Every structure is written in C-alpha cells, then in structure tokens.
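Chemist: I need the structure of the sequence given here:
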Amino acid sequence: MPTYVYGVIISDDDEAVGETFEVEQSIKDPPLTHHPKTGDPVRRLLCAPFVAGTWSPLKSKKLLSEKNLTAKGFTKYVKTNNGYEKSAGTGPDRIGSGSSE
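Modeler: Residues are numbered from 1 along each chain as shown. As a prediction, the model looks like this:
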C-alpha cells in the first residue's frame with residue numbers, strides 16, 4: 001500500500017502546514033481531510049517517492065527484510081541450482097527448472 005504524507009493546515013490560505021505525518025492508504029481511498037487523532041484540518045503533500053536503497057543502507061535492509069516483504073504481500077525468491085526457491089512470502093515454494101507449481 002502507498003504511504004502518503006499529510007500536513008496540518010495552519011493558515012486560511014491552505015498553503016502553510018505545521019506538523020506532518022504519514023499514513024498507509026489504498027490508492028483508491030479518498031485523501032484525509034482531518035488529522036486522525038486531533039481532528040485538525042490536513043492536506044496531502046507532494047513528496048518525492050521513496051525507492052528502497054536510496055536512504056541509508058541500514059534502513060533499506062530493514063525495508064527489504066523477509067519479514068517485512070511477507071507482511072507487505074510480496075514473495076521473495078533466491079536463485080539456486082534448481083531454479084528459484086521461495087525465501088519469504090506465500091507464493092509457490094519453487095519456480096523455474098521444470099517446476100509444476
């Protein structure tokens with residue numbers, strides 16, 4: 001699911017924002033109009049997308065951990081002599097090299 005950044009509106013012109021926060025939402029969900037905890041008016045902010053590995057190496061290792069990939073619905077495969085074997089996720093145990101799964 002995408003992560004969106006929101007800012008609390010602090011002026012009448014809707015341009016100045018105060019506190020910012022992130023929310024995981026489906027792309028089909030409408031943007032939030034109020035802060036989920038305080039009820040203050042908010043707007044979605046435009047931000048550069050995060051691509052794994054562009055931040056610190058320690059952060060990208062955590063983001064690409066097998067536990068995190070599984071939690072986000074991905075399946076990870078590792079190349080072996082017999083094709084590719086699943087190391088995380090819910091997909092078939094093996095793909096390639098005559099696998100029938």
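
Chemist: hey, let's count contacts and neighbours off CA atoms from now on
Modeler: Noted.

Chemist: so which residues make contact with stretch 30-50?
Modeler: With contacts defined as Cα atoms under 8 Å, 6 or more residues apart in numbering, stretch 30-50 is touched by Tyr4, Val5, Tyr6, Gly7, Val8, Ile9.

Chemist: any weak-confidence spans in the chain?
Modeler: Applying pLDDT under 70 to the chain flags the ranges 13-14, 50-63, 98-101.

Chemist: tell me where it has helices.
Modeler: 57-63, 66-71 (DSSP state H).

Chemist: surely Ile27 touches Met1?
Modeler: Yes. Taking Cα atoms under 8 Å as the definition, Ile27 is a contact partner of Met1 at 7.4 Å.

Chemist: count of residues packed around Val42?
Modeler: 23 (other Cα atoms under 10 Å).

Chemist: could you find the closest non-adjacent residue to it?
Modeler: Val8 (4.3 Å; Cα to Cα, 6 or more residues apart in numbering).

Chemist: so what's that neighbour up against?
Modeler: Applying Cα under 8 Å, 6+ apart, the residues near Val8 are Val17, Gly18, Glu19, Thr20, His35, Asp40, Pro41, Val42, Arg43.

Chemist: so this protein: which segments form each domain?
Modeler: 1-47, 63-95 (automatic domain parsing).

Chemist: among the ones you listed, which is the most enclosed?
Modeler: Among the domains of the chain, ranked by average contacts under mean count of other Cα atoms under 10 Å, first place goes to domain 63-95 (a mean of 15).

Chemist: how far out from the middle of the chain is that domain?
Modeler: 17 Å (Cα atoms, centre = their mean, to the nearest Å).

Chemist: now stretch 27-44
Modeler: 18 Å.

Chemist: next, the distance between the ends of it.
Modeler: 13 Å (Cα to Cα, to the nearest Å).

Chemist: how about the contacts made by Phe21?
Modeler: Val5, Tyr6, Gly7.

Chemist: got those residues as CSV, with distance to Asn81 columns?
Modeler: Output for these, formatted as CSV (distance: Cα to Cα, whole Å):
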residue, distance to Asn81
Val5, 43
Tyr6, 47
Gly7, 50
